[in-house]
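**Q** No letters, just coordinates:
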Ligand SMILES: Cc1cc2nc3c(=O)[nH]c(=O)nc-3n(C[C@H](O)[C@H](O)[C@H](O)COP(=O)(O)O)c2cc1C
Ligand SMILES: [Mn+2]
């Protein structure tokens, strides 16, 4: 069942019928448009102007729940809250699985250095019409090493192609990667980085979560756990960093102190970004397999108003927050639903005065939930957090605003936040502090409400039966 690398994963996606193949598509807006039009993964080959075999995979693990399962080697029929429950249990049972050093691997099949470096040898797409350029990094991770702990870290960061050996990278304030970068730069040193832009989906999933790094656990250890085996890594000659031996495309380079360029705009999940000053990766080495596959995701399909489909909650992102709530000791959590970072719903068996506030405030501030959150709603266990209409009903019925609402000010946000001022959105590097606020709505019945007090009108089922028998024909056309 377990897959060794992206290629074996693609075979599995093909077997479950979620892979399409296309030839002759342009990197210039066509591939991006296709990504926003189909939920399937699409493998493109034969880009005009590119050698055959220089491929691109779009929609690697999203929006399909089955592709996510494949990526983390999980099998379940569960949906909604039941799925979030299984997934958080999986995370709670984490067995850190560190990478394993090896001396060879397919990633070394092609190595370019010096004047031979040109990141446009890959068909980096321009995804949306107003984007500021072509993006080599979307479904990627950037690996760094914390100079204090000596541990590796990685996260997913978008990367724009500025020049053949220069990439812009957008790293939000407060991310581990940003803190690591600051440490190097404070010492006047450049920060060595490896960007994997043709990636195994387990690494991509590990890269996006806000891992607290307790007991020194790294994203590599988490990705290995998802894959059920250590990821084999070769040592980057320029950076000394571990590079997955079976990755498709790896970039070695450095981020030099004070080296910034205008990046974007980019059609990100919050809507379009403004062009901003961002860090730059000076690329020193490019490594790739024969017939490399660039991995790409387009964040923008999620920026549209929900329309007829309604708001859709993501059980996987919910699992990361649920795990951290449990590790923080919040008891009797019955459900967590994540409607993007901007709206989170927690359902609990409200068991003592203050319990609901505890759950709401920890959810809005635990590491997985703290970044760019907006609204957190806590509901009783009788409300399914995946039914947003029911959640709103609970707010209407049970939450007296002056008792139920807490506003938390000066919280962790970023220039990307869609609801902050234009000045904050476009602030230069070094970044002006950007804060936002949170609203915690405690929509649980207060524990002191008399449980004997009838709050729902109920009818006698026997009476309904009798009415149906007597007048069913007239009322409903049948008994
Ligand atoms: C598709 C995708 C794109 C992302 N792009 C960015 C980005 O451009 N900048 C950023 O700061 N975070 C981005 N993120 C979120 C980070 O990857 C995430 O916060 C990660 O946990 C950061 O890791 P770190 O704290 O270990 O540095 C993205 C996430 C995904 C899934
Ligand atoms: Mn991290």
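**A** Received it, and whenever you're ready, just let me know what you need. Keep in mind that what you see is a predicted model, and the values were worked out from it rather than measured. Ligands and ions are numbered 1, 2, ... in the order given.
**Q** C-alpha from now on. contacts and neighbour counts both.
**A** Will do.
**Q** helix, strand or coil for residue 475?
**A** helix (DSSP: H, G, I helix; E, B strand; the rest coil).
**Q** Please name the nearest non-neighbouring residue to residue 336.
**A** Leaving aside its chain neighbours, residue 336 sits nearest to residue 346 (4.6 Å; criterion: Cα to Cα, 6 or more residues apart in numbering).
**Q** shouldn't that neighbour be in contact with residue 332?
**A** No - using Cα atoms under 8 Å, residue 346 is not in contact with residue 332; the gap is 10.7 Å.
**Q** So for the two, which residue has more residues nearby?
**A** residue 346 (29 against 15; other Cα atoms under 10 Å).
**Q** Paired strands for the helix or strand harbouring the more buried one, with orientation please.
**A** Residue 346 belongs to strand 343-348 when assigned by DSSP states H and E. If you go by DSSP bridges, strand 343-348 pairs up with strand 333-338 (antiparallel), strand 375-380 (parallel).
**Q** got the residues of this structure near ligand 1?
**A** Counting by Cα under 6 Å from any ligand atom, the chain comes close to ligand 1 at 138-139, 153-158, 170-172, 175-177, 207-210.
**Q** Among those residues, which lie within strands?
**A** 153, 154, 155 (DSSP state E).
**Q** Scan the helices and strands of this protein for the one with the lowest mean pLDDT.
**A** helix 422-425 (a mean of 78; mean pLDDT, DSSP states H and E).
**Q** Report the next helix or strand after it in sequence order.
**A** strand 435-442.
**Q** Can you list the low-confidence ranges for this structure?
**A** For the chain, the stretches with pLDDT under 70 are 1, 301-308, 428-431, 454-455.
**Q** In it, which residue is most central in space?
**A** residue 208 (4.5 Å; Cα atoms, centre = their mean).
**Q** Does it touch residue 142 like I think?
**A** No - in this structure, residue 208 is not within contact of residue 142 by Cα under 8 Å, at 10.7 Å.
**Q** Quick check: neighbours shared by those two?
**A** 155, 156 (Cα atoms under 8 Å, 6 or more residues apart in numbering).
**Q** Spell out the residue ranges of the helices in this protein.
**A** Along the chain, counting by DSSP state H, helices occupy 6-15, 30-37, 65-72, 80-92, 176-186, 201-208, 219-227, 315-327, 355-365, 367-370, 388-398, 401-404, 422-425, 461-476.
**Q** residues in contact with the second one?
**A** Same thing as helix 30-37. Contacts of helix 30-37 (Cα under 8 Å, 6+ apart): 25, 42, 58, 59, 125, 126, 127, 128, 297, 298, 300, 301.
**Q** List the buried residues of that helix.
**A** 31, 32, 33, 34, 35, 36 (16 or more other Cα atoms under 10 Å).
**Q** Distance-wise, check residue 462 relative to residue 473.
**A** Using Cα to Cα, to the nearest Å, residue 462 is found at 18 Å from residue 473.
**Q** and what of residue 150?
**A** 77 Å.
**Q** go on, residue 107?
**A** 73 Å.
**Q** Please apply the same query to residue 271.
**A** In terms of Cα to Cα, residue 271 sits 54 Å off from residue 473.
**Q** and these two? which has more neighbours close in?
**A** residue 271 (17 against 11).
**Q** what sits opposite the more buried one in the beta ladder?
**A** With DSSP bridges as the rule, residue 271 is bridged to residue 268.
**Q** my guess is it meets residue 299, correct?
**A** No - counting by Cα under 8 Å, residue 271 stays clear of residue 299, with 9.1 Å between them.
**Q** Bridging across strands, which residues link to residue 344?
**A** Going by DSSP bridges, residue 344 forms beta bridges with residue 338, residue 376.
**Q** count of residues packed around it?
**A** 25.
**Q** for it, what are its contacts?
**A** Here residue 344 is in contact with 336, 337, 338, 375, 376, 377 (Cα under 8 Å, 6+ apart).
**Q** Residue 71 now?
**A** Per Cα under 8 Å, 6+ apart, neighbours of residue 71: 9, 61, 201, 202, 226, 227.
**Q** Report how many residues lie close to the residue nearest to the first one when sequence neighbours are not counted.
**A** Sequence neighbours aside, residue 3 is the residue nearest to residue 9 in space, at 5.6 Å (criterion: Cα to Cα, 6+ apart). Counted with other Cα under 10 Å, residues neighbouring residue 3 total 19.
**Q** could we number from 205 for the rest of this?
**A** Okay, residue one is now 205; in that scheme the one you just asked about reads as residue 207.
**Q** Next, the angle from the strand holding residue 550 to helix 592-602.
**A** Relative orientation of strand 547-552 versus helix 592-602 (axes from the mean of the first three to the mean of the last three Cα atoms, to 10 degrees): 70 degrees.
**Q** With respect to ligand 1, which of the ones in strands among the residues of the chain next to ligand 1 is nearest?
**A** Nearest to ligand 1 among these: residue 359, at 3.5 Å, using Cα to the nearest ligand atom.
**Q** which residues touch the closest one?
**A** 345, 346, 347, 381, 410, 411, 412, 413.
**Q** what's the distance between it and residue 575?
**A** 14 Å.
**Q** Please look at residue 628 and residue 638 and confirm they touch.
**A** Yes - contact criterion Cα under 8 Å: residue 628 and residue 638 qualify, at 6.3 Å.
**Q** shared neighbours of these two, anything?
**A** Here residue 628 and residue 638 have residue 619 as joint contacts, going by Cα under 8 Å, 6+ apart.
**Q** Between the two, which has more neighbouring residues?
**A** residue 638 (20 against 17).
**Q** The more buried one reaches residue 619, doesn't it?
**A** Yes - under the criterion of Cα under 8 Å, residue 638 makes contact with residue 619 at 6.6 Å.
**Q** what do these two both touch?
**A** Going by Cα under 8 Å, 6+ apart, residues that sit against residue 638 and also against residue 619 are residue 628.
**Q** can you tell me which residues contact residue 256?
**A** Residue 256 touches 249, 250, 495, counting by Cα under 8 Å, 6+ apart.
**Q** Specify which member of these is nearest to ligand 1.
**A** Using Cα to the nearest ligand atom, residue 249 comes nearest to ligand 1 of those, at 22.1 Å.
**Q** so that closest one touches residue 259, yeah?
**A** Yes - with contacts counted by Cα under 8 Å, residue 249 reaches residue 259, the gap being 4.8 Å.
**Q** I appreciate the help and will end here.
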